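A.B. asks: Pasted the sequence and its predicted model underneath.
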Amino acid sequence: MKNGAQDYLTKDTINAEVLNRVIKCAIERAFLAKEVALQRDSLTTFNRALAHDLKEPVRMIRSFLQLIDTTQD
């Protein structure tokens, strides 16, 4: 279980119903894991764009300050 096992089946408990349930659960977990990965990638992209958009005004202010500083000399 510590290594990621989700459903532990012993040989004496395996039947068609249990096996069907375990397979359906495994497919659902794989689907949800894929959805989480896609959402994580989307949030990473959004985070990068947001960080860029928030830094841009600071860059413009720095550029104008440098321009003012060079014109005063």
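C.D. replies: The structure has been received and is ready for your questions. Numbers count the residues shown, from 1 in each chain.

A.B. asks: Give me the distance between the helix or strand encompassing residue 64 and the centre of its chain.
C.D. replies: According to DSSP states H and E, residue 64 maps onto helix 16-72. Relative to its chain's centre, helix 16-72 lies at 7 Å (CA atoms, centre = their mean, to the nearest Å).

A.B. asks: Flag the shaky bits of this protein, pLDDT-wise.
C.D. replies: Scanning the chain for pLDDT under 70 picks out 1-5, 73.

A.B. asks: Closest to the centroid, which residue in it?
C.D. replies: For the chain, the residue sitting closest to the mean C-alpha position, by CA atoms, centre = their mean, is residue 40 at 1.6 Å.

A.B. asks: quick one: that one from residue 52, how far?
C.D. replies: The gap separating residue 40 from residue 52 is 19 Å, by CB to CB, to the nearest Å. Backbone N, C-alpha and C define where each C-beta goes, glycine included.

A.B. asks: contact partners of stretch 12-23?
C.D. replies: 7, 9 (CB atoms under 8 Å, 6 or more residues apart in numbering).

A.B. asks: quick one: that stretch to chain centroid distance?
C.D. replies: 32 Å.

A.B. asks: Start at 49, not 1
C.D. replies: Sure, I'll start counting at 49 from here, so that last one is stretch 60-71.

A.B. asks: Alpha carbons of stretch 88-106, in CSV - could you do that?
C.D. replies: Extracted in CSV, the C-alpha atoms of stretch 88-106 (Å, rounded to 0.1, in the frame of the first residue of the first chain):
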residue,chain,number,x,y,z
ARG,A,88,-1.6,21.3,-13.5
ASP,A,89,-0.1,22.1,-16.9
SER,A,90,-2.9,24.6,-17.6
LEU,A,91,-2.3,26.3,-14.2
THR,A,92,1.5,26.4,-14.8
THR,A,93,0.9,28.2,-18.2
PHE,A,94,-1.5,30.6,-16.5
ASN,A,95,1.0,31.2,-13.7
ARG,A,96,3.8,32.1,-16.1
ALA,A,97,1.5,34.4,-18.1
LEU,A,98,0.3,36.1,-15.0
ALA,A,99,3.8,36.6,-13.6
HIS,A,100,4.9,38.1,-17.0
ASP,A,101,1.9,40.5,-17.0
LEU,A,102,2.5,41.6,-13.5
LYS,A,103,6.2,42.2,-14.1
GLU,A,104,5.7,44.2,-17.3
PRO,A,105,4.6,47.5,-15.6
VAL,A,106,7.7,47.4,-13.3
